[in-house]
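In: okay, structure incoming, though there's no sequence with it:
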């Protein structure tokens with residue numbers, strides 16, 4: 001396994017955060033130009049700014065997660081990001097990833113609807129399902145090598161691996177490495193050190 005990818009049990013992530021976490025954070029969400037060469041302002045009180053920040057995160061997550069070989073149909077298969085109940089974010093993400101790649105693989109966005117299969121999905125983002133079916137989708141992802149990303153005020157739903165949160169006017173995220181381990185996914189220490197919180201237990 002890539003030496004950058006470690007279990008949450010062995011990462012000295014608090015010490016690492018003090019060394020260089022701030023530098024990585026700034027490069028991730030402030031100074032970089034993303035889909036349309038405009039800088040992201042994570043503190044802006046704007047729905048579109050929030051969508052752009054979340055899309056940037058989803059793109060970046062792909063560089064810091066290790067999927068097992070069995071997750072891909074071939075060595076050249078793309079990383080597919082499934083988006084549920086967030087069509088505007090899917091549009092923003094589609095613009096952002098055009099021509100980009102992660103870990104030598106191209107990226108693709110797939111809009112999901114109730115009843116769709118998760119076959120071929122590597123990352124699943126769930127917005128705010130009108131019918132409250134987040135738990136149903138997380139259950140469907142259980143046992144699959146799918147990185148599950150939620151956007152919930154109370155994310156303690158079994159299977160959540162990353163959850164977006166608002167913290168001081170900024171979009172941040174919490175990480176649940178145990179859930180990722182159960183899905184045979186490795187999460188880089190470089191992602192853990194910039195998370196708002198790393199939860200060692202459930203979900």
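Out: Great, that's in hand. Quick caveat: nothing in here was measured; it's all calculated off a predicted structure.
In: can we go C-alpha only for contacts and neighbour counts from here?
Out: Will do.
In: quick check: phi and psi on residue 61?
Out: phi -50, psi -40 (degrees, to the nearest 10).
In: kindly report the same for the one 10 residues further on.
Out: When quoted as degrees, to the nearest 10, the phi and psi of residue 71 stand at phi -70, psi -20.
In: that one and residue 145, how far apart?
Out: Relative to residue 145, residue 71 is positioned 6 Å away (C-alpha to C-alpha, to the nearest Å).
In: low-confidence ranges in the protein?
Out: Within the chain, the stretches with pLDDT under 70 are 1-47, 129-131, 155-156, 201-203.
In: which residues in this protein form strands?
Out: 65-66, 79-84, 101-102, 105-112, 123-126, 147-150, 162-167, 170-175, 186-187, 197-198 (DSSP state E).
In: residue 152 reaches residue 132, doesn't it?
Out: No. Using C-alpha atoms under 8 Å, residue 152 is not in contact with residue 132; the gap is 10.8 Å.
In: with neighbour numbers in mind, choose between those two.
Out: residue 152 (16 against 9; other C-alpha atoms under 10 Å).
In: spit out the contact partners of the more buried one.
Out: Taking C-alpha atoms under 8 Å, 6 or more residues apart in numbering, we find residue 152 in contact with 127-128, 163-165.
In: would you show me how to pick out the buried ones of these in ChimeraX?
Out: Paste this into ChimeraX to select the buried members of the contacts of residue 152, with burial taken from 16 or more other C-alpha atoms under 10 Å:
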select :127,163,164,165
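In: so can I have TSV of the contacts of residue 152 showing distance to residue 79?
Out: Output for the contacts of residue 152, formatted as TSV (distance: C-alpha to C-alpha, whole Å):
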residue	distance to residue 79
127	19
128	23
163	20
164	21
165	24
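In: adding distance to residue 51, write the strands of the chain out as JSON lines.
Out: JSON lines is the format used below for these (distance: least, C-alpha to C-alpha, whole Å):
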{"stretch": "strand 65-66", "distance to residue 51": "22"}
{"stretch": "strand 79-84", "distance to residue 51": "13"}
{"stretch": "strand 101-102", "distance to residue 51": "20"}
{"stretch": "strand 105-112", "distance to residue 51": "15"}
{"stretch": "strand 123-126", "distance to residue 51": "12"}
{"stretch": "strand 147-150", "distance to residue 51": "14"}
{"stretch": "strand 162-167", "distance to residue 51": "11"}
{"stretch": "strand 170-175", "distance to residue 51": "10"}
{"stretch": "strand 186-187", "distance to residue 51": "23"}
{"stretch": "strand 197-198", "distance to residue 51": "21"}
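In: can you pull out the helices in the protein?
Out: 13-16, 22-29, 47-61, 87-97, 134-141, 177-182, 189-192 (DSSP state H).
In: for those helices, which one sits closest to residue 169?
Out: helix 47-61 (10.2 Å; C-alpha to C-alpha).
In: how many residues are close by the closest residue to residue 65 other than its chain neighbours?
Out: Once flanking residues are discounted, residue 65 sits nearest to residue 187: 4.8 Å by C-alpha to C-alpha, 6 or more residues apart in numbering. Applying other C-alpha under 10 Å, we find 27 residues neighbouring residue 187.
In: against residue 71, how distant is residue 187?
Out: Taken as C-alpha to C-alpha, the span from residue 187 to residue 71 is 15 Å.
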